[in-house]
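Undergrad: Dropping a prediction and its sequence here:
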Amino acid sequence: MQTTEQSVLNPYQRIGGDAVIRKLVDRFYELMDELPEIYAARKLHPADLSESGNKLFDYLSGWLGGPQRYVEKHGHPMLRRRHLPYAIGPEERDQWLLCMQMTLEETVTDGALRTALFSQFVQLGEHMRNRPEAASIRQPDGR
């Protein structure tokens, strides 16, 4: 089996390292501020997104196989536990994913990597969800 350069690089290297991760994070939060359809997800964040952006940059750096900045600064991510105080239901999850998908399309040139990353973000988004699907409304006759 012949290996290609792409197959030996980790996602951090394939995406372009810090420069592209910073661009991705900056664009993600720009879209979060710009898109009205992201309102439910946006309102879970502070007015100033600077610290959120720094934490996401640090997290993605390590998550993609680069420097473990988040762990060095904050310890184990424990993402689900850290997000429990925020009501994250299907709407918030889907809005976050829409924003991430748009960001990946704009910043990640490697199509296979973009697809793989989005698949992982879908799993991550579902893992962060801590509120159930919207309850269906029953009719008075029980339907």
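TA: Done, it's in. Residues are numbered from 1 along each chain as shown.

Undergrad: and residue 125, what element?
TA: Secondary-structure element containing residue 125, defined by DSSP states H and E: helix 111-128.

Undergrad: Can you give me the buried ones in that helix?
TA: Burial within helix 111-128, assessed by neighbour count using 16 or more other Cβ atoms under 10 Å, is assigned to 113, 114, 117, 118, 121, 124, 125, 128. Bear in mind the C-beta positions are built from the backbone N, C-alpha and C, glycine included.

Undergrad: ok, now stretch 93-113?
TA: Within stretch 93-113, the residues that qualify as buried by neighbour count (16+ other Cβ under 10 Å) are 93, 94, 95, 96, 97, 99, 100, 103, 104, 107, 108, 113.

Undergrad: where are the low-confidence patches of this structure?
TA: Low-confidence segments of the chain, defined by pLDDT under 70, are located at 1-7, 134-143.

Undergrad: I'd say residue 29 and residue 53 touch.
TA: Yes. Taking contacts as Cβ atoms under 8 Å, residue 29 lies within contact range of residue 53: 5.2 Å.

Undergrad: from the buried residues of stretch 93-113, which two are the most distant?
TA: Longest distance between any two of these is 23.2 Å, between 95 and 113; criterion Cβ to Cβ.

Undergrad: now the buried residues of stretch 93-113 in a markdown table, with distance to residue 43?
TA: Written out in a markdown table, the entries for those read as follows (distance: Cβ to Cβ, whole Å):
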| residue | distance to residue 43 |
| --- | --- |
| 93 | 14 |
| 94 | 15 |
| 95 | 10 |
| 96 | 12 |
| 97 | 16 |
| 99 | 13 |
| 100 | 17 |
| 103 | 19 |
| 104 | 23 |
| 107 | 24 |
| 108 | 27 |
| 113 | 31 |
